[in-house]
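> predicted model and sequence follow; I will ask about them next.
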Amino acid sequence: MSALPAMAALPNSGAALIASPSSVLRQQILHRLKGRCQPVQQAAGGAEALAKLEKGNWRVLFLDRRLPDLDADELITIVQKRFPGTRVVLLDSDSDRTEDGMEYGENDLDFTGRSSCRSLPKLCPANAIGAEDAPANSLPGMIGTSPAMQAVYRMVRLVAARTTTVLITGPTGTGKELVARALHALSPRSAKPFVVVNCAAIPENLLESELFGYTRGAFTGAVTSQLGRIPAAHGGTLFLDEISELPLGLQAKLLRFLEQKEVQRLGTSELTHVDARVLAASNIDLAARAARGDFRQDLFYRLSAFPIELPRLAMRRGDILPLAEHYLSCMAAALDLPSPRLSPEAIRMLEAYAWPGNVRELQHVMERAYIFAESGETIECSHLYFSHPHPAVPEPLAES
């Protein structure tokens, strides 16, 4: 399991805000803070966290580096400027650890303890595996020893140290961002920024300014200059998730950046050199889109210099039980309880299911099962709820 490093103690009167898209991680931290910091509130993303910061006097912000809407590093900069009395403890729900020493606040890096908010016990992020538990040939933050995953691990290790553009494909919920983070973690750029852009989550009319940045007065409402996501990745890695949703007009500009390593912010004619390794992900067939003219073929060929395809969970059934047990272990650890076991019938039911939602669906199924089991010692078939029809559980083979 991962461990949250010992943190500077916080004032008794301090309020804590937990910002993470992972409900399991939020609950783990919430449980650890019970009786130590009050009040404690939660936010599922960066924008919601900013809104809550505006309305309260927060002494500490537990911030997940993996946010669905804002870049965590940019959010930290905003907090430091606008809320200097709020400390930030940076977490990573896609890693096997939190980032040691990444605590920001009143005195930049302040490690002096001044309160009853004691150091938190060990936490186990919902979708990560601890370094001490991971197989030697697995990737950071990933679980699985099936042949299909071994092939993925080999591909990642082959290309991680290079600057080659990688296109990660696979159905929704297979862990494409985990692979991107592993590529970054295993690269010489691991100490530099890892910037995520979800091309489907940003409105089309804002996407260009978000990617390339803008200068003050570039458009109505641009009261300050803004560094774009691409320049923010300088020296590090830029991960373009759901790249298929990038509008055709921006595809040409992205292609220019890939070829020239230069960007032009809105409102200026100046070109800025950016050294960023680009990773992209898609859950649809980009080649087919390019053949239909819905996606630029030249950009497709540029992005897919080294493709990595992730298998469906149904193609790696040997990994289902280790994943399920891992999620149960994490949830039990959050409550300081022993991990429940899966009954033989429940195991057979899990392994017989088609898993259309892949690993993400498995995580949700186990979270519901743990709640229904009411912290019991065994997860039974009656505790398992599936979003799609489930085949009958096969009868166990009779002993000869």
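Noted; the coordinates are in hand. Everything quoted here is computed from the prediction, not taken from an experiment. Numbering: from 1, shown residues only.
> CA atoms for contacts and neighbours, from now on please.
OK.
> tell me how this protein divides into domains.
15-104, 147-309, 315-383 (automatic domain parsing).
> measure the second one end to end?
Domain 147-309 has its terminal residues 13 Å apart, counting by Cα to Cα, to the nearest Å.
> hang on, the earlier thing: the domains of the chain into CSV, with extra columns for mean pLDDT and distance to residue 389?
Converted to CSV, these look like this (pLDDT from 0 to 100; distance: least, Cα to Cα, whole Å):
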stretch, mean pLDDT, distance to residue 389
domain 15-104, 77, 25
domain 147-309, 87, 19
domain 315-383, 91, 9
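> need those in TSV with distance to residue 140, can you?
Formatted as TSV, these follow (distance: least, Cα to Cα, whole Å):
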stretch	distance to residue 140
domain 15-104	7
domain 147-309	6
domain 315-383	15
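> and these as a markdown table, adding mean neighbour count?
As requested, those are exported to a markdown table (neighbours: other Cα atoms under 10 Å):
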| stretch | mean neighbour count |
| --- | --- |
| domain 15-104 | 19 |
| domain 147-309 | 18 |
| domain 315-383 | 18 |
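> for the one helix or strand residue 31 maps to, the distance to its chain's centre please.
For residue 31, the host element (DSSP states H and E) is helix 23-33. Distance of helix 23-33 from its chain centroid, counting by Cα atoms, centre = their mean, to the nearest Å, is 16 Å.
> same check, this time on stretch 359-376
20 Å.
> same deal with stretch 182-196?
13 Å.
> which outside residues touch it?
Under the contact criterion Cα atoms under 8 Å, 6 or more residues apart in numbering, stretch 182-196 has outside partners 71, 139-141, 156-157, 159-162, 181, 229-230, 232-241.
> in helices, which of the residues you listed appear?
156, 157, 159, 181, 229, 230, 232 (DSSP state H).
> check contacts around the last one.
Think residue 232. 193, 195.
> repeat that for 10 Å
71, 73, 74, 193, 194, 195, 211, 212, 213, 238, 274, 276 (Cα atoms under 10 Å, 6 or more residues apart in numbering).
> in JSON lines, list those along with distance to residue 320.
Below are the contacts of residue 232 laid out as JSON lines (distance: Cα to Cα, whole Å):
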{"residue": "71", "distance to residue 320": "32"}
{"residue": "73", "distance to residue 320": "34"}
{"residue": "74", "distance to residue 320": "37"}
{"residue": "193", "distance to residue 320": "32"}
{"residue": "194", "distance to residue 320": "29"}
{"residue": "195", "distance to residue 320": "30"}
{"residue": "211", "distance to residue 320": "37"}
{"residue": "212", "distance to residue 320": "41"}
{"residue": "213", "distance to residue 320": "42"}
{"residue": "238", "distance to residue 320": "31"}
{"residue": "274", "distance to residue 320": "41"}
{"residue": "276", "distance to residue 320": "35"}
